[in-house]
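J.: Turn this into a structure:
(2 chains)
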Amino acid sequence: MKTTVENELGANIQGAVDSSAILSVDNVSLSYMHGKESMKVVDNVTFAVAKNEFVAITGPSGCGKSSLLRVISGLQQASSGTIKVKGIEVNGPTNEVFMIFQNFALLPWKNVLENIEIPLTSRSRLTMDDSRSKALKVIQDVGLKGFEKTYPGELSGGMKQRVGIARALAVEPEILLMDEPFNALDGLTAEHLRGEIYSLLIGAESSISVVVMVSHNVDEIVELADRVLVMSNRPAKVLEDMRIDLARPRDTGSPRFHYYVDKIYSLLT
Amino acid sequence: MTLTRVFFLGPFSDWSEKFKLIEEPRPTRKDPIYRFYSWIDTRAVSKVFSIIPRSASKRSAPNVSEPRKQTLRKREPKARQTKFIRIAAASIGVAILVLVIFEVFHVLLAAGISFTVLASKESLVLVGLGYSFVRVWYVYVISVAVGLPLGIVIATQSKLYQSGSTILQIISAIPSVAILPPIAILAVNLPFSGELTAAIVIFLGTIWYIIFNVIAGIRSIPSEIFEVSKLMGLKGWAYWKNVLIPAALPSFVTGSITGVGAAWNTLIVAEYFSVNGTVISRVGNGVGVLINVAINKGDLVFLGLTVFSMSTLIVAVNLLFWRRMYRYTTKRFSYNR
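T.: I've put the predicted structure just below:
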């Protein structure tokens, strides 16, 4: 752990570079030991995300984007480089960061309400009563009212992911990470949920100010993200850091939309 | 045996880990034990023995969605057909059983053994069986108290998993019955030496099934569950209570079914140990003692009664308790839904 003085210094220096960055990823590399050889999966990635920015990370399959997301979440330690949240270096899971998973990561033996309450009592340290009322509120927000006592196994994929979203909203993170959140859903369900998710996450009541989404669905990226980082083959490096300047709500049929889709495709191939 | 475990089964189980489905594992339906238990769970049997309550899955949740109900309805003609086959099979089974019992009594009565003799022998058997039943269960509870936490710890610590599972495989390869003589001799001067010897040997015959199954169960959980647990800030007892123990339950029940079976097997040997007619270690009462005494006396009727009563008890516990536990845990606690 760094001392407070060092942290403040770090924050000041960082502040000088980018005063509005909520999340900064500085020279992050990640290597795995594969037998006796070290295999690099993330290579010197640097980027910063400002308040109210929705960033998508894309790249070839298996390039290391999910690993990068796990480093940002603190679930995995970077081999080198630092992750800073509001200028303060983090070395593990923190209360500012939460994640939505590809396969929902719900506890099958807990019902919808319990799945959402668990992080509220254990992570946010709310009382039982506060957890209950908070959980009931987010359940209503994501449109799952009436399913409080239902178990995940009895829900459809789309509803399971709604529980995942509700759980993430409930713990009120500053930074939300999403690992291929629509990948396990069928096309129509994914489309529905994509249409709703932006206003859920970046709504007026939401605590979330930064979203980082890993995805390889280009349409999804152009529909949702303010900015896209296109990564190279493994080890993942940032090939291109591009803004998506489209007004919201986005018209998926517009020529500008297709312009961005084509551009990202050409970068990926 | 130990060498086989280390050089063949060990690498084999490591290799099998490669087939772990990280995305969405769904093993248990093809599990032979699941198949076996779903096979014996015939409604026909339930009808014949109407005391057997409906299993948990039949009391299906009210939340089954409408499309799912429709697919269930579509399957019905086939279900009716299999049901018919099952009723037929069960009826034949029951008929054969009744015939066999009838024939046994016929032979016994012809040999001049009266019902009163049989009844007095059976009452002795039932007392011994009661003792053994309690013995199996208290040893099982101890095995669970040790095996469940140990299995979870080994499975979740990857360093411990690599070294620990090999060590455990080596130890578990030693047949528990083989350590009966040294334990009996070591314990001979201790109070309750017979009970202690039996308990240790049964424990060593049971615990591996619990440990290895719990390890396998925890290792098959998708990594996302561990990740989200960290992000949810689950630590210590809350982590065990909400994630690890429920996650281990289905495979723990599978392990318990085999483990209790092994406990009964070991018990018969462990309760009574003699060399050249000299009894070195024995428990106060139990089926193991009864079987040995019956063999020594050459009382085949008594031996038959003991074995028959024990088997009936084991089968009844399997049907009434374990099968329902298995149904319940695979329904509520596994990912394959």
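J.: how about the residues of the stretch 201-337 of chain B near chain A?
T.: With the criterion set to Cβ under 8 Å from any Cβ of the partner chain, the stretch 201-337 of chain B comes near chain A through B:222, B:224-225, B:227-228, B:230-235, B:238, B:242-243, B:246, B:249, B:332-335, B:337. C-beta here means a position set from N, CA and C on the backbone, and glycine is covered the same way.
J.: Go through those residues and flag which are in strands.
T.: Judged by DSSP state E, the subset of those located in strands is empty.
J.: Could you tell me which of these belong to helices?
T.: Under the assignment DSSP state H, these contribute B:224, B:225, B:227, B:228, B:230, B:231, B:238, B:246, B:249, B:332, B:333 to helices.
J.: phi, psi of the closest residue to chain A within the stretch 201-337 of chain B?
T.: Using Cβ to the nearest Cβ, the closest approach of the stretch 201-337 of chain B to chain A is made by residue B:233 at 3.2 Å. In terms of degrees, to the nearest 10, the main-chain angles of residue B:233 are phi 70, psi 20.
J.: what's near enough to touch the closest residue to it other than its chain neighbours?
T.: Spatial nearest neighbour of residue B:233, excluding adjacent residues (Cβ to Cβ, 6 or more residues apart in numbering or on different chains): residue A:123 at 3.2 Å. For residue A:123, the contacting residues are A:95, A:171, B:231, B:232, B:233, B:234, by Cβ atoms under 8 Å, 6 or more residues apart in numbering or on different chains.
J.: how does the chain divide into domains?
T.: Defaulting to chain A. A:1-93+A:218-269, A:97-172+A:175-208 (automatic domain parsing).
J.: nope, chain B
T.: If you go by automatic domain parsing, chain B breaks into B:62-112, B:114-337.
J.: nearest to residue A:131, of those domains?
T.: domain B:114-337 (12.1 Å; Cβ to Cβ).
J.: Give me the distance from the closest one to the chain's centre.
T.: Domain B:114-337 sits 7 Å away from the centroid of its parent chain (Cα atoms, centre = their mean, to the nearest Å).
J.: do you know how far the residue nearest to residue B:233 is from residue B:231?
T.: 8 Å (Cβ to Cβ, to the nearest Å).
J.: Tell me how many other residues crowd residue 143.
T.: Since you didn't name a chain, this refers to chain A. Neighbour count of residue A:143, defined by other Cβ atoms under 10 Å in any protein chain shown: 14.
J.: wait, chain B
T.: 26.
J.: do residue B:231 as well
T.: 25.
J.: Tell me the pLDDT of it.
T.: The per-residue pLDDT reported for residue B:231 equals 94.
J.: likewise residue A:35?
T.: 76.
J.: And the domains of chain A, which one averages the lowest pLDDT?
T.: domain A:1-93+A:218-269 (a mean of 84).
J.: ok now do residue B:153, which residues does it touch?
T.: Contacts of residue B:153 by Cβ under 8 Å, 6+ apart are residue B:160.
J.: which parts of the stretch 51-200 of chain A sit against chain B?
T.: A:70, A:73, A:75, A:93, A:95, A:97-99, A:101-105, A:107-110, A:118-119, A:122-124, A:147, A:150-151, A:153-154, A:156, A:171, A:184.
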